[in-house]
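Engineer: From the sequence below, what's the structure:
(chains A, B and C, ligands or ions: 2)
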Amino acid sequence: MAGFDYLDANHLRTGHCCMKLSDTIAHVVFEIALDREFDYKIPVHLLGKVGAGCIVQAPFGERVLHGFVVKTSNSSSFPSLKELQDVVPEKLFIETPLFKLAQWMSSYYACPLGLVLKSMYPSYLRKTMRNAHAEYISLNKNKEDVIRYMDTLRKRAKRQLDVLEYILQKREVFFEMDALCAAVGCDNNAVERLIKKELLARITEDELVKRDSRLDRYKYVTPINSITLNLDQQRVLNQIEAALDSREFVPFVLHGVTGSGKTEVYIRSIQRVLERGQQAIMLIPEISLTPQTEERFRKRFGNVVSVFHSRLSDGARAREWKKMRDGKAKLVVGARSALFAPFSDLGLIVVDEEHERSYKQEESPRYHARDIAVLRAKLSNIPVILGSATPALETIYNVYQGKYTLLKLPARVDDRQLPEVILVDLAKEVREEKKWVVLSVPLKQKISDRLDKGEQVILFLNRRGFSSMAVCQQCGYIYECDDCSITLTYHKSVERLMCHFCGKMITKPVFCGKCGSSEIKFSGIGTQKVERALKAVFPEARVLRMDSDTTTHKDSHFELLTQFRRGKADVLIGTQMIAKGLDFPRVTLVGTIIAESTLCLPDFRAAETTFQLLTQVAGRSGRGEIPGEVVIQTFMKDHPAIVCALQHDYDRFVEGELKARKELLYPPFYRFINIIITAKDKKKGQWAGTQIAQSLIKTVSKGTEVKGPLPSMVHRKRAHFYWHVLLKTNDVFGTNEAIKQALSKSTRFTQVRISVDVDPYYMW
DNA sequence: AGCACGCCGACT
DNA sequence: GTCGGCGTGCTC
Ligand SMILES: [Zn+2]
Ligand SMILES: [Zn+2]
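Structural biologist: Residues are numbered from 1 along each chain as shown, chains lettered A, B, ... in the order given. Ligands and ions are numbered 1, 2, ... in the order given. Below is the predicted model of the structure:
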């Protein structure tokens, strides 16, 4: 999110990969939270075989660990060096550009290099690579024979039946023994019996590889392009192709309205790359990585596509990774982690929906995949495409700065009708109804209409955060911090409103600061209340509620949506914007109970996020014959985020929002670094936070601001207390150095956990 | 981060 | 007497 204006080559200078034959010392990092290198002697039989990027086995204390060689040299300040034990096969080396990427990430995101490498290069690979004769299981008979056999087996051997059923329903052909047993929930026995009966066969890794290449499955075949590009698409593609052919780093921002055919541009660009014999990476947000998306790429590019989903088994992941390294897979489609695909001649990276927050990893290393995509492109000297209907402010700001090249697709490729958007002014409703009701008259009417017609409705309310704001029930005024323009949160224990950004507190107001009314509520409304209001008016309506109460386990979210899709309910109430709402064929109405629930989140990006969401909803054409309707209830009908979204005026929104960010010195004009402090003991955490903040105030460079420690919004969670120290800076590398010092020199903090988040999205 | 070492309380 | 709690400190 920081955008990419910080390529500072100084941070990339270490770690030349050339192996010096004469070097006798290896400097190694391990996959542990220890930001240190350890030196080892290179034994005679490994001389010349060890260089930066190698993975080695080394004795470490009582254990033997895998580590990454950072560099080699001829000296070490450590007196009693141990010797390296082994080097893993050459095929597993980390290539220089990726290694440099890791080093940059380590210093920018303040994360030990070993942990960065761990997340780029998952350890399961080594496990499967190490036993080169790993065994796989596959069917030994054709499906019909197996099914016939299954009938004779019925009931007698439940486990064996389970195994066969599992294999039949999967699209994969080869299964690892352990993974298979675990997935089915049986032991090796059932599988072994099936092998004895010659229904299943055992295949070794080597055979699998041989068979795979013999089949010639991985040849790139030029796809047939059935879709004709329009003039805009052709113009954009020409520019991208020029950059591809000249092999230069060009960061493109592809700003295309919903339905303008961005994906087709991606596909043609990728096609060009593959034709040149190079490889490509296509990043897609996790939620959009559906089987349909996968199919779209497979149809076009066939077997050279590798898909990285989060739910792939370790074995499957390792296999995909190897396919890429061996040059069999030439395009990887995936979420964040696909960015580290081990391609030897990468030609292009595409980041679709680049404004999506899910590109930020919310655990260490807390990197932003979009920014790292730009960096990888820079290091590989290739173009990168950042596509979105609503590019992030950080991204468009880089366009204005002349750092990124803007490409526009202003028109839709189809002539589908956009949904009609109706704004309901809640202030007017309150005047007429004498009180604030959850469902306004126009919304009620429209719901009633859909229920009569047997069509479906989705209602949306972002409960997160809205529950703790101080809201006037008469005029809708929401208290915010005078200094920071951030919504204040109500804290019951102290009866005060607090700004979690600067720490300012005010006493709980009695009268509304805008209209003088005494009806200020601090509880907000939740989905249950919406459900009750709905039931009161439409007692016979079938309602599904989708929130943290009803979606307790992983798949319940998906299950609820499936139920709704199948028409098991008339109304769905959700806590997260289901932007694709109108993609449900029978949904013709999407209602936002109160836009403030996202617009007034205590987050300086709240307006931007709301604009993105509304643009998405208002831009969806829907699948049905009838163009849908979108109802937005709000007290803030004139807010730019709402007005601009409805008028499809991205430029105006950005202009205003950038101005506001500049005034308040927020990103993209400054960068934040958040230091999160966690402790069971309140005093210990408070003390650690204070120590860190005080140390930083002294050591940090001029122009860097230090705030805190402030209690986090959810100060207490799962028996732990949370604080944050917030830094505002323009020198991330320098500030990170200061943080490193502050965390190491001051007497070590016991029973306190500290983590650093650079360019954070969630700051409290 | 792990893992050993070490120093106190409660069990065989 | 020893088993086990986890505080402290080290790992090339
Ligand atoms: Zn403030
Ligand atoms: Zn008011």
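
Engineer: For residue A:94, what are phi and psi?
Structural biologist: phi -90, psi 120 (degrees, to the nearest 10).

Engineer: where in the stretch 601-750 of chain A is pLDDT low?
Structural biologist: Along the stretch 601-750 of chain A, segments meeting pLDDT under 70 span A:621-625, A:745-748.

Engineer: Chain A against ligand 2: which residues are in contact?
Structural biologist: A:472, A:474, A:475, A:477, A:512, A:514, A:515, A:517 (C-beta under 5 Å from the ion). Heads up, the C-betas are built off the backbone N, CA and C, glycines and all.

Engineer: Only whichever of the residues you listed are buried, select them in PyMOL.
Structural biologist: Buried residues within the residues of chain A next to ligand 2, by 16 or more other C-beta atoms under 10 Å, are selected in PyMOL with:
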select buried, chain A and resi 472+474+475+477+512
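
Engineer: Filter the residues of chain A next to ligand 2 down to just the ones in strands.
Structural biologist: Secondary structure from DSSP state E places residue A:472 of the residues of chain A next to ligand 2 in strands.

Engineer: Including distance to ligand 1 and pLDDT, could the residues of chain A next to ligand 2 go into CSV?
Structural biologist: As requested, those are exported to CSV (distance: C-beta to the ion, whole Å; pLDDT from 0 to 100):
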residue, distance to ligand 1, pLDDT
A:472, 20, 90
A:474, 25, 87
A:475, 22, 89
A:477, 17, 91
A:512, 20, 92
A:514, 19, 89
A:515, 23, 91
A:517, 24, 90
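
Engineer: between the residues of chain A next to ligand 2, which is nearest residue A:340?
Structural biologist: residue A:477 (47.7 Å; C-beta to C-beta).

Engineer: Is residue A:691 within a helix or a strand, and which one?
Structural biologist: Using DSSP states H and E, residue A:691 falls within helix A:682-699.

Engineer: Quickly check: that helix near DNA strand C or not.
Structural biologist: No: contact of helix A:682-699 with DNA strand C (C-beta under 7 Å from any atom of the strand) is absent, the minimum separation being 10.8 Å.

Engineer: Can you find the helix or strand in chain A with the smallest mean pLDDT?
Structural biologist: In chain A, no helix or strand scores lower on mean pLDDT, DSSP states H and E than helix A:124-130, which sits at a mean of 54.

Engineer: wait, what's in contact with the residue in the stretch 501-650 of chain A positioned nearest to ligand 1?
Structural biologist: In the stretch 501-650 of chain A, the residue that lies nearest ligand 1 is residue A:502 (3.4 Å; C-beta to the ion). For residue A:502, the contact set (C-beta atoms under 8 Å, 6 or more residues apart in numbering) comprises A:481, A:483, A:484, A:707.

Engineer: and if we set it to 6 Å?
Structural biologist: A:483, A:484 (C-beta atoms under 6 Å, 6 or more residues apart in numbering).

Engineer: Could you look up the SS state of it?
Structural biologist: Of the three states, residue A:502 takes coil under DSSP: H, G, I helix; E, B strand; the rest coil.

Engineer: In chain A, which residue sits closest to DNA strand B?
Structural biologist: Nearest residue of chain A to DNA strand B (C-beta to the nearest atom of the strand) works out as residue A:33 at 3.4 Å.

Engineer: any idea of the pLDDT on the residue lying closest to that residue once chain neighbours are set aside?
Structural biologist: In this structure, residue A:33 finds its nearest non-sequential neighbour in residue A:112, 5.9 Å apart by C-beta to C-beta, 6 or more residues apart in numbering. Looking at residue A:112, its pLDDT reads 93.
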